[in-house]
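Student: give the three-dimensional model of this entry:
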Amino acid sequence: MKREDSKHETDNIKRYQEEGYTVNYLFEKDHLIDSESKVAYKPEDVFIVAHHRYEGMSDPDDMSILYIIETKDGGKGTHLLGYGPMADLEEAEFFKDIPKANYSKNADINELT
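Tutor: Residues are numbered from 1 along each chain as shown. Purely as a prediction, here's the structure:
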C-alpha cells in the first residue's frame, strides 16, 4: 500500500480511517490492545500493512512511527509509536518481535531494523 507522505500523523490516520482502518491499538503489558473491544494481541497476531515515520519540526528528538495494522481476526487500525531517545523500550521490542513474514513488502521492514 503505497502512500504519499504527509507531514502530520493525523493526516495519514484520517486517510486510513476512510479506508476502514478504524481501530485504535494501544500498547499495554506486552500486548497490543484494541481500545474498544479490549482484545489483546501478541506479536505473531499482528500484520504491518504500512508505516510512516515522522520527525518533529522543532525538535528532532520528537520522532514517531505510524503503523497501519491488521490483526489475525480481521481487525484493521493504527498505532502511533514514539521512537528515539524517549521511546518506550518494551513497546519497541513488541514491534521488533513481530515476525518479518507479517510485514507487507510496502512496509519497508529493512528501514525499521
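Student: which helix runs longest in the protein?
Tutor: helix 9-18 (DSSP state H).
Student: how about the helices in this structure?
Tutor: 9-18, 89-96, 109-112.
Student: compare the ones you listed and say which comes out lowest on pLDDT.
Tutor: Of all those, the minimum mean pLDDT falls on helix 109-112 (a mean of 42).
Student: could I get the pLDDT score of the residue positioned nearest the centre of the chain?
Tutor: The centroid of the chain falls nearest to Y67 when counting by CA atoms, centre = their mean (2.0 Å). In the predicted model, Y67 carries a pLDDT score of 95.
Student: where does this protein dip in pLDDT?
Tutor: Where the chain drops to pLDDT under 70, the residues are 1-7, 56-62, 86, 106-113.
Student: and the strands in the protein?
Tutor: 23-28, 31-34, 40-41, 46-55, 63-71, 76-83 (DSSP state E).
Student: how close does I13 sit to K29?
Tutor: 24 Å (CB to CB, to the nearest Å). For the C-beta atoms, the positions are set from N, CA and C on the backbone; glycine is no exception.
Student: settle it for me: which of those two has more neighbours?
Tutor: A direct count of neighbours by other CB atoms under 10 Å for I13 and K29 places I13 higher, at 20 against 7.
Student: which residues sit in contact with the more buried one?
Tutor: 66, 78, 80 (CB atoms under 8 Å, 6 or more residues apart in numbering).
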